[in-house]
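Chemist: Okay, here's the prediction I keep looking at, along with the sequence it came from:
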2 protein chains.
Amino acid sequence: MRKVYVVGIGQTKVKEHWERSARDLAVSSILEAMEQAGIDKADAIYVGNALSGELTGQEHLAALIADFAGLGGIEALKVEAASGSGGAAVRIGYLAVASGLQDVVIVTGVEKMTDLSAPATAEALVTATDDHYEAIHGLSLVALNGLLMQRYMYEYDLDRKDFAQFSINAHNNAVNNKYAMFRRPMTVEDFENARMVADPISLLDSAPVADGAATIILGSQNVNSAVEIIASAVATDTIALHDRRNPLFLQGACESAQRAYAQAGIGPDGIDIFEPHDAFTIMAALSLEACGFASEGEGVRLAMDGEIALQGRIPICTMGGLKGRGHPVGASGVYQIVELVQQLRGEAGANQVDCRLGMAQSIGGSGATTVTHVLKVPD
Amino acid sequence: MRKVYVVGIGQTKVKEHWERSARDLAVSSILEAMEQAGIDKADAIYVGNALSGELTGQEHLAALIADFAGLGGIEALKVEAASGSGGAAVRIGYLAVASGLQDVVIVTGVEKMTDLSAPATAEALVTATDDHYEAIHGLSLVALNGLLMQRYMYEYDLDRKDFAQFSINAHNNAVNNKYAMFRRPMTVEDFENARMVADPISLLDSAPVADGAATIILGSQNVNSAVEIIASAVATDTIALHDRRNPLFLQGACESAQRAYAQAGIGPDGIDIFEPHDAFTIMAALSLEACGFASEGEGVRLAMDGEIALQGRIPICTMGGLKGRGHPVGASGVYQIVELVQQLRGEAGANQVDCRLGMAQSIGGSGATTVTHVLKVPD
């Protein structure tokens, strides 16, 4: 098994790109990453995308993007795992390079979400839940997360505003990220006054759906300020929340993290920065707990105590996270890796954290699929 | 890089499964394959599926299937490449085992297509074309194949009925396959009198969409009457037909086959049986030519001369192919491998061909993605 390095990154700004299509966004990020990596061809491209069929009428996206990026002929496949699609594509790219079968691989996450009305977009997002046992009852992803947050508050005697620091931290960090959607800070007051979406989840608990694409170039050589991927792991759980023994513990996220820790030969203490799947504040809390950064019921306290800030014990969402940078669903998992690479290379500007090891966790749905990667500055 | 073997197969009958869902079909084929392989767990499952979001409102299919198959917790990801999705999933499973990262991998192809009306199903299938340049003009996959067939007939001075032997051969072979959808022979007269779909393509040029699931178990050990996968290759082409230099030559299918031949250390002469992506008779002809079994314009003559029959020079669609067995779009690529394994193990019953090397080609759309696998009876 060969070592796998990230040797180039590219990304578009996350926003409502009214004038651009999924293929355009993807190609922009690919060309930027290829230029940075100093390559003009590759062996394969794996595309992470969750909903291009439902949202834009375009499946078969990987071959299309390969063609429009001028990569005609190369291996091109799309990987899907709902909102974990970006992480899943990184996983497949990792397999291809680690196996020795491919030398240079492009991994692109892309989502174009603003072509449809909000209800139609919401309907597409519901396909990540269990159609027979959840969607059929009208449960959306935000509703399911609302149930989780409600239960968490009840079990651990917390209030809505105790979750505020997750979003405040994300927005604060997004201010300095020129690719982020929301470059404005947020206060506890803003959080408390935010419009309710699915009680107790408000607009400011929720990451915004948006358009965007991010790309990483993977290779087997330590060149170009490369950052090594020292662990890559996927684990699953039931989709339906009611089938889980303890809905407040993300078993799949835990197993995914444990497998990654075993590969990396470290534990949570060894991780300097963490990019969680903060699609909702409750998901950030549960992810921190599943990965062992906090014990059960303590994830929110980590935020309340300022430990997730850039100068805290375990900085998260260092470039804005899903909440501040924006959440183009199938692209977010690749944005996370791009941002870890910026940090690990020391290119994170005002948000720079002193770090050598970073972890990213890309989650599909409410924790049914979890992809964890650990990245490291080579010795 | 490790060797990769198919150590178990499973499949459901292909038909209109009104009473069963995608997850049910997938689980049936998985449990059958696992029993045959003598395993009760695996390291990962990769699911090939083209349209479950559009057709059944269910994305995030791999985690769901893993759970319902009792495989809770394992790595589970979905791979999409339109009608080449089944072959694409086999490709990813191959990468995982070859890399040494996973020891036992399940690859399942599944499609549930009969829940919607015919127009709605057709609309879903159109997502495999280029939305900006083909679908927007009302071009469907069958219409695109109609253009190809028309042009082929013009260039090579052929008649509609010259294509009949592709469908007749497929139907003849399906008669003895208990998993096939159409177990009835067809005559030239039937073919000539068939209802027109997109001139010159008639109903009997076209593989039927249907429901079904097929599974293979991949491992690194030569056990359980294993069949070795000695080549695995993906190549792409433009999706839009008008962007191809020569629409009558499937460049992507050719490159995919050439890469597979190079890995296997053989040429077309070394292949004993071939499973083409015969979604339409014209596609079978073009695939034969792209793989070097016939020169350009001679693919149809191979059929007219009986060379594709079980006793011919290069038997194709040996268990019915897409036309006779049925074409559950994202599952077909896995059915092809299952059927090759049946042949290579000598378990093909009345359809048995004397063979040691078989090739399968799974094509997405009209040739934009092509996945080629070569299988061999171990020495």
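Modeler: Alright, I've got the coordinates. Residues are numbered from 1 along each chain as shown, chains lettered A, B, ... in the order given.

Chemist: Could I get the contacting residues of the residue in the stretch 251-379 of chain A positioned nearest to chain B?
Modeler: In the stretch 251-379 of chain A, the residue found nearest to chain B is A:A368; the distance is 4.1 Å by C-beta to the nearest C-beta. Every residue, glycine included, has its C-beta placed from N, CA and C. Contacts of A:A368 were listed using C-beta atoms under 8 Å, 6 or more residues apart in numbering or on different chains, and they are A:82, A:236-239, A:252, B:60, B:63-64, B:67.

Chemist: so of those residues, which ones are in strands?
Modeler: Among the contacts of A:A368, the ones falling in strands (DSSP state E) are A:T236.

Chemist: Which one of the contacts of A:A368 is nearest to A:I316?
Modeler: A:G252 (19.1 Å; C-beta to C-beta).

Chemist: In space, what's closest to that closest one - neighbours in sequence excluded?
Modeler: A:D237 (3.3 Å; C-beta to C-beta, 6 or more residues apart in numbering or on different chains).

Chemist: thought the one you found was touching A:G367?
Modeler: Yes - counting by C-beta atoms under 8 Å, A:G367 is a contact partner of A:D237 at 5.5 Å.

Chemist: anything in contact with each of the two?
Modeler: Common contacts of A:D237 and A:G367 (C-beta under 8 Å, 6+ apart): A:250-253.

Chemist: Where does pLDDT dip in chain A?
Modeler: Counting by pLDDT under 70, chain A has no low-confidence residues at all.

Chemist: Which residue ranges of it form strands?
Modeler: A:5-11, A:44-48, A:75-80, A:104-111, A:196-198, A:201-202, A:212-219, A:227-236, A:273-275, A:357-364, A:369-376.

Chemist: residues from the stretch 101-250 of chain A in reach of chain B?
Modeler: A:101, A:124, A:126-132, A:135, A:233-239, A:243 (C-beta under 8 Å from any C-beta of the partner chain).

Chemist: which of those residues count as buried?
Modeler: A:101, A:124, A:126-132, A:135, A:233-239 (16 or more other C-beta atoms under 10 Å in any protein chain shown).

Chemist: Not counting its neighbours along the chain, what's nearest the residue of the stretch 201-350 of chain A found nearest chain B?
Modeler: At 3.9 Å from chain B, A:V234 is the closest residue in the stretch 201-350 of chain A, using C-beta to the nearest C-beta. Residue nearest to A:V234 in three dimensions, not counting chain neighbours: B:E75, with 3.9 Å by C-beta to C-beta, 6+ apart.

Chemist: Next up, the contacts around the one you found.
Modeler: Applying C-beta under 8 Å, 6+ apart, the residues near B:E75 are A:91, A:233-236, B:43-45, B:102.

Chemist: What of A:A33?
Modeler: A:8-10, A:106, A:215-217.

Chemist: What sits closest to A:I363 if chain neighbours are left out?
Modeler: That would be A:H277: by C-beta to C-beta, 6+ apart, it lies 3.7 Å from A:I363.

Chemist: ditto for A:S220
Modeler: A:R2 (4.7 Å).

Chemist: Please verify my assumption that the one you found contacts A:Q102.
Modeler: No - using C-beta under 8 Å, A:R2 makes no contact with A:Q102, being 10.2 Å away.

Chemist: okay, these two: which has more neighbours?
Modeler: A:Q102 (21 against 15; other C-beta atoms under 10 Å in any protein chain shown).

Chemist: For the residue of the stretch 251-379 of chain A closest to chain B, what are phi and psi?
Modeler: phi -70, psi -40 (degrees, to the nearest 10).

Chemist: Need the residue closest to the centroid of chain A.
Modeler: A:G333 (3.3 Å; C-alpha atoms, centre = their mean).

Chemist: That one against A:A89, yeah?
Modeler: Yes - if you go by C-beta under 8 Å, A:G333 and A:A89 touch, sitting 7.2 Å apart.

Chemist: List the residues that are in contact with both of these two.
Modeler: Common neighbours of A:G333 and A:A89 (C-beta under 8 Å, 6+ apart) are A:48, A:109.

Chemist: is any part of stretch A:370-379 close to chain B?
Modeler: No - Stretch A:370-379 does not reach chain B (C-beta under 8 Å from any C-beta); its nearest approach is 8.5 Å.

Chemist: hang on, the earlier thing: now the residue nearest to the centre of chain A: closest residue in space that isn't a chain neighbour?
Modeler: Per C-beta to C-beta, 6+ apart, closest to A:G333 is A:G86, 2.4 Å.
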